[in-house]
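# would you be able to build a 3D model of this:
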Amino acid sequence: MKAISSRASMFSCAVLVSLLFATRSAIAQNCSTAQAQVDSAKSEVSSVLNSGSSLVAEMRQEQKLPATGDVGPVTVVRDRPVCSKIATQFDHEVSPSASLVVLRVGPLFYAREPDQKRGTGIITDSTYKVLLRLGVPVPGTN
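Alright, predicted model coming up:
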């Protein structure tokens, strides 16, 4: 009897945890298309990808991208599920009410940090794996 009760409790906990994760992923993040933010994001990602840093060179090599120059066309992402998925890749929770600029840069995504005090942004591959975290947090921010 105790084994059945224990299994039922474990099952109930598993269902509750699943619902919590489903609720978090069901909230669609807003994609920002504000021209000033998009222009700033384009400038940021271009500067980083053309910086010549050893980390960028290594990322380009790992991703089989050209060693220098453009990696492909830059387009603004308007697909809320994509923005939502990328928002989960920051090292902190992004408020569901925050708008997020996401750019498709060739085969990569660049997501601009909505709270610029925490950093500049992240670059991910097409599977949303973070390849680079950009910028440094401003001291005293969480």
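# can we go C-alpha only for contacts and neighbour counts from here?
Noted.
# let's verify the most centrally placed residue in the chain: helix, strand, or coil?
For the chain, the residue nearest the mean C-alpha position is Ile86 (3.1 Å; CA atoms, centre = their mean). Counting by DSSP: H, G, I helix; E, B strand; the rest coil, the backbone at Ile86 sits in helix.
# mind listing what it touches?
Residues in contact with Ile86, defined by CA atoms under 8 Å, 6 or more residues apart in numbering, are Ala111, Tyr128.
# looking at this, Val82 is in a helix?
Yes. Using three-state DSSP, the assignment for Val82 is a helix.
# so for the helix or strand harbouring Asp39, what gets flagged as buried?
Secondary structure assignment for Asp39, by DSSP states H and E: helix 35-49. Residues of helix 35-49 classed as buried: Val38, Ala41, Lys42, Glu44, Val45, Ser46, Leu49 (neighbour count, 16 or more other CA atoms under 10 Å).
# what residues does it touch?
Ser32, Val56, Val74, Val76, Val101, Leu103, Tyr110, Arg112.
# and the nearest residue in space to the last one that is not next to it in sequence, bridged to which residues?
Read it as Arg112. With sequence-adjacent residues excluded and distances taken as CA to CA, 6 or more residues apart in numbering, Arg112 is closest to Gly121, at 4.3 Å. The partner list for Gly121 in beta bridges (DSSP bridges) reads Arg112, Leu134.
# and for Gly121, the neighbour number?
Using other CA atoms under 10 Å, Gly121 has 23 neighbouring residues.
# low-confidence ranges in the protein?
1-27, 116-119, 137-142 (pLDDT under 70).
# among the contacts of helix 35-49, which are located in helices?
Using DSSP state H, the members of the contacts of helix 35-49 that fall in helices are Val56.
# pick out the most distant pair among the contacts of helix 35-49.
The most widely separated members of these are Ser32 and Val56, with 25.8 Å between them, by CA to CA.
# Leu132 in helix, strand or coil?
strand.
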